[in-house]
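> How does the following fold in three dimensions:
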Amino acid sequence: MSLSNNIQANARKLFEMLQNKYIVDYFQREYKWEYKHIEQLLIDLEASFLSNYESGDLISDVAARYNSYYLGPVVICEKGNNRSIVDGQQRLTSITLLLIYLNNLQKNSIDPEDITSLIYSRKSGRRSYNIEVPDRTKILDALFNNQIYDLTEESDESIRNMYDRYSDIENIFSDELKSDKLPLFIEWLKEKVVFVEILAFTDENAYTIFETMNDRGLNLTPTEMLKGYLLTHLKEADKIEELNNIWKEKISNLHKYSPQEDLEFIRAWFRSQYADSIRSASRGAENEDFEKIGTRFHTWVKDNHKRIGLTNSNAYYYFIKGDFEFYSTIYERIKYYENNYTDELETLYLTSYYGIASSLSYPLLMSAINKLDDEETIVSKLKAVSKFIDILIITRAVNYKSNAQSFLRYIIYTLVKDIRNKSLSELKTILKERIQSSKETFLELEDFTYNNGNRKFIHYLLARCHLFIERQVFENKDLEMSDLMAARKYNRYVLTPVIWEYYKYSKHFENEESFYLTEKKIGNFVLIPNPVSIEFMGVTSTSKINKLRKEDNLNKIIIPKVYEAVDPDNFLRTLGFLPFLDFKQGIEERTIALHNLIREIWSVERI
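Below you'll find the predicted structure:
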């Protein structure tokens with residue numbers, strides 16, 4: 001057999017894979033991973049590592065007794081000196097982003113683990129990345145050097161996604177791995193994270209493998225296996241046909257949202273109504289209900305059929321006819337409210353812009369819903385839970401706490417069980433108590449300031465403030481959240497500082513320290529359309545505030561000349577918004593007023 005017809009498959013450790021140079025094939029060109037993908041990867045890596053870790057372990061223990069973690073097959077086409085990634089770019093690019101983050105994380109370490117060779121190599125004085133796509137060099141340089149990358153004019157989908165996923169890694173990566181465990185985690189990542197490298201030597205063979213792996217699989221999905229298991233417990237042909245038609249229609253509806261939406265729904269349904277246990281964080285802990293439902297829910301149902309009431313043929317019939325049909329409809333409604341603004345459930349829509357993982361939010365939203373609830377009660381319960389999630393997100397974020405799945409899973413899954421099938425009044429009482437007993441409150445709001453890591457959150461926070469003022473106070477329905485959060489339009493809203501660069505504003509401050517303390521306050525930032533932002537930043541005197549004259553009420557309220565006319569009902573003035581006359585005092589006053597507005601919008605009494 002000639003080499004060109006040969007196909008090889010070998011297990012490769014991460015360090016073996018990434019010490020090679022790769023180009024990205026044309027049909028694998030764009031990097032498209034979303035938040036949920038990078039989050040799940042980090043959760044899985046952390047859980048796998050910690051299941052082996054024991055206090056006092058040395059790096060040598062990693063090779064000796066830590067288990068491997070399989071990250072799937074990667075298809076490579078090798079022709080001459082070139083290696084192109086045919087299938088697996090998403091994972092390899094994501095791992096590269098993680099390695100860059102880990103490299104930055106340990107830059108101040110006395111004895112850092114050397115992982116730079118897994119990221120780039122040097123030849124003739126030139127640095128080139130191991131996954132080499134020329135268009136991505138600048139973003140990788142910025143991330144590697146821990147520098148800000150301006151996305152304002154960036155239209156490349158892959159570059160925007162790489163920037164966003166790196167930011168996600170910064171926010172999600174577990175604090176538990178950042179101290180003495182970090183060198184061991186890096187060693188485990190290099191030595192124990194394993195790929196299967198499938199090596200082809202012609203484009204034809206490589207693409208055939210890619211096509212076979214992605215398009216020709218005939219394996220039944222977990223949803224199909226669950227349906228098969230449930231229907232085998234029915235004897236009457238007419239009932240089987242009836243339930244099969246219900247199942248097909250509902251699954252088809254879910255697939256309008258995504259090809260995997262049926263899996264998301266069934267996991268959320270089972271977790272919301274039946275799961276009672278969750279894996280502990282201790283070494284060697286085994287998967288429990290929540291994890292088993294997440295990986296093999298069809299097997300979990302078979303193993304727990306008696307516990308969930310599947311004891312006879314009628315029970316199986318009504319499990320589909322009643323429970324499946326009811327909760328899939330609830331799930332569809334949640335998806336609808338997330339994607340469409342409605343007055344009755346606006347919070348579900350708003351938190352879709354900055355929320356928690358759907359693996360947490362969907363079970364929580366569905367857990368309080370009972371089949372006997374009337375329409376008004378269902379809407380009220382969804383409204384209460386979505387408001388709880390909203391308050392939880394904001395209070396944690398302003399206290400610099402991560403809202404990643406790994407940080408919230410125990411909080412949310414415990415609450416899922418506690419609110420399951422509760423009445424509306426009981427539900428609201430429990431949710432309010434959880435907020436009020438939380439360590440994270442708005443008492444520390446004065447300590448919350450801008451940094452490079454929370455820019456996206458502050459944009460969202462101010463967008464919500466603007467929307468509340470326009471819609472709830474001034475009853476102006478023209479301003480849309482989609483406008484405030486749009487990323488690519490020329491006239492998109494951008495987070496714009498009032499003051500920046502000390503030398504431009506030094507005469508307004510007693511010293512440099514006073515300037516930098518003021519510059520970080522949230523009152524220093526306005527949310528305005530991009531063309532206005534360009535004009536606004538071109539002025540360095542307090543007269544720049546007049547550039548906001550044509551903007552919405554939250555911006556106009558600080559303009560001295562229109563201050564009295566803007567707020568006829570005194571809502572904004574009551575919160576402390578005052579005319580902007582001096583940079584230092586004006587920013588401090590606006591910060592205090594914004595704090596009061598935040599407490600108003602995210603008050604626990606709104607649950």
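> okay, CA-based contacts and neighbour counts for the rest of this
OK.
> what pLDDT does residue 218 get?
pLDDT recorded at residue 218 is 45.
> tell me the SS of residue 9?
strand (DSSP: H, G, I helix; E, B strand; the rest coil).
> which residues sit in contact with it?
Contacts of residue 9 were listed using Cα atoms under 8 Å, 6 or more residues apart in numbering, and they are 196-199.
> could I get the residues you listed as a markdown table with distance to residue 294, pLDDT and secondary structure?
Shown next, in a markdown table, are the contacts of residue 9 (distance: Cα to Cα, whole Å; pLDDT from 0 to 100; DSSP: H, G, I helix; E, B strand; the rest coil):
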| residue | distance to residue 294 | pLDDT | secondary structure |
| --- | --- | --- | --- |
| 196 | 24 | 91 | strand |
| 197 | 27 | 92 | strand |
| 198 | 28 | 90 | strand |
| 199 | 32 | 88 | strand |
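> who wins for neighbours among these?
Counting neighbours by other Cα atoms under 10 Å, the top entry in these is residue 199, with 22 neighbours.
> that older thread, residue 408: which of the contacts of residue 9 is nearest?
Nearest to residue 408 among the contacts of residue 9: residue 196, at 32.6 Å, using Cα to Cα.
> Can you pull out the residues in contact with stretch 308-328?
230-231, 233-235, 239, 243, 246-247, 250, 265, 269, 274, 305, 366, 371.
> Which residue in those residues has the weakest pLDDT?
Scoring the contacts of stretch 308-328 by pLDDT puts residue 235 last, at 82.
> Confirm that it sits in a helix.
No - counting by three-state DSSP, residue 235 falls outside a helix, being coil.
> how about low-confidence regions in the stretch 201-350 of the chain?
207, 210-220, 281-284 (pLDDT under 70).
> can you list the contacts of residue 9 in a markdown table and add distance to residue 291?
Putting these into a markdown table (distance: Cα to Cα, whole Å) gives the following:
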| residue | distance to residue 291 |
| --- | --- |
| 196 | 25 |
| 197 | 28 |
| 198 | 30 |
| 199 | 34 |
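> averaged over its residues, what pLDDT does the longest helix anywhere in the chain have?
If each helix of the chain is counted by residues according to DSSP state H, the longest one is helix 375-398. The average pLDDT for helix 375-398 rounds to 97.
> outside of it, which residues touch it?
Contacts of helix 375-398 (Cα under 8 Å, 6+ apart): 344-345, 347-348, 351, 355-356, 361, 364-366, 368-369, 402-403, 424, 427-428, 431-432, 435, 440-442, 444-445, 448, 457, 602-604, 606-607.
> between the contacts of residue 9, which is nearest residue 188?
residue 196 (17.1 Å).
> residues in contact with the closest one?
9-12, 72-74.
> that older thread, which of the contacts of helix 375-398 fall in helices?
Using DSSP H, the contacts of helix 375-398 in helices are 347-348, 361, 364-366, 424, 427-428, 431-432, 435, 457.
> Pick the one among those closest to residue 41.
Scanning the ones in helices among the contacts of helix 375-398 for proximity to residue 41, where the rule is Cα to Cα, the winner is residue 361, at 18.6 Å.
> Of the ones in helices among the contacts of helix 375-398, just the buried ones, PyMOL syntax please.
Those of the ones in helices among the contacts of helix 375-398 that count as buried under 16 or more other Cα atoms under 10 Å are selected in PyMOL with:
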select buried, resi 347+348+361+364+365+366+424+427+428+431+432+435+457
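> for the stretch 401-550 of the chain, what spans make up the helices?
405-419, 424-436, 455-468, 481-485, 502-505, 512-519, 530-537 (DSSP state H, counting those that start in this stretch).
> Return the list of helices and strands in contact with the last one.
Using 3 or more Cα pairs under 8 Å, 6 or more residues apart in numbering; DSSP states H and E as the contact criterion, the neighbours of helix 530-537 among helices and strands are strand 493-497.
> Give me the contacts around the strand it packs on.
So strand 493-497 is contacted by 459, 483-487, 519, 524-530, 533, 537 (Cα under 8 Å, 6+ apart).
> For PyMOL, write the select line for the buried members of those residues.
To isolate the buried ones among those in PyMOL, judged by 16+ other Cα under 10 Å, type:
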select buried, resi 459+484+485+487+519+524+525+526+527+528+529+530+533
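> Would you mind measuring from residue 123 to residue 60?
32 Å (Cα to Cα, to the nearest Å).
> returning to what we had before: tilt between the longest helix of the chain and helix 405-419?
In terms of direction (axes from the mean of the first three to the mean of the last three Cα atoms, to 10 degrees), helix 375-398 departs from helix 405-419 by 150 degrees.
> Show me which of residue 123 and residue 60 is the more surrounded one.
For residue 123 versus residue 60, neighbours defined as other Cα under 10 Å are more numerous around residue 60 (11 against 7).
> Just the element for that one, please.
Using DSSP states H and E, residue 60 maps to helix 59-65.
> who touches residue 516 in this structure?
residue 502.
> Residue 583 reaches residue 542, doesn't it?
Yes - using Cα atoms under 8 Å, residue 583 is in contact with residue 542, at 6.8 Å.
> more neighbours, the two?
Higher neighbour count among residue 583 and residue 542: residue 583, with 20 against 15, using other Cα under 10 Å.
> Could I get the full set of strands for this structure?
7-13, 22-24, 69-79, 82-87, 120-123, 126-129, 131-132, 193-200, 493-497, 525-529 (DSSP state E).
> Emit the PyMOL select command for whichever of the contacts of residue 196 are buried.
The buried residues among the contacts of residue 196 can be selected in PyMOL (16+ other Cα under 10 Å) with this line:
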select buried, resi 12+73+74
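> Reformat the contacts of residue 196 as JSON lines; add pLDDT and distance to residue 88.
What follows is the contacts of residue 196, written out as JSON lines (pLDDT from 0 to 100; distance: Cα to Cα, whole Å):
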{"residue": "9", "pLDDT": "86", "distance to residue 88": "14"}
{"residue": "10", "pLDDT": "90", "distance to residue 88": "15"}
{"residue": "11", "pLDDT": "92", "distance to residue 88": "14"}
{"residue": "12", "pLDDT": "94", "distance to residue 88": "13"}
{"residue": "72", "pLDDT": "88", "distance to residue 88": "8"}
{"residue": "73", "pLDDT": "89", "distance to residue 88": "7"}
{"residue": "74", "pLDDT": "90", "distance to residue 88": "5"}
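> Considering the contacts of residue 196, which is situated nearest to residue 45?
residue 72 (13.3 Å).
> how close does the closest residue to that closest one other than its chain neighbours get to residue 15?
Residue nearest to residue 72 in three dimensions, not counting chain neighbours: residue 195, with 5.3 Å by Cα to Cα, 6 or more residues apart in numbering. Counting by Cα to Cα, the gap from residue 195 to residue 15 is 10 Å.
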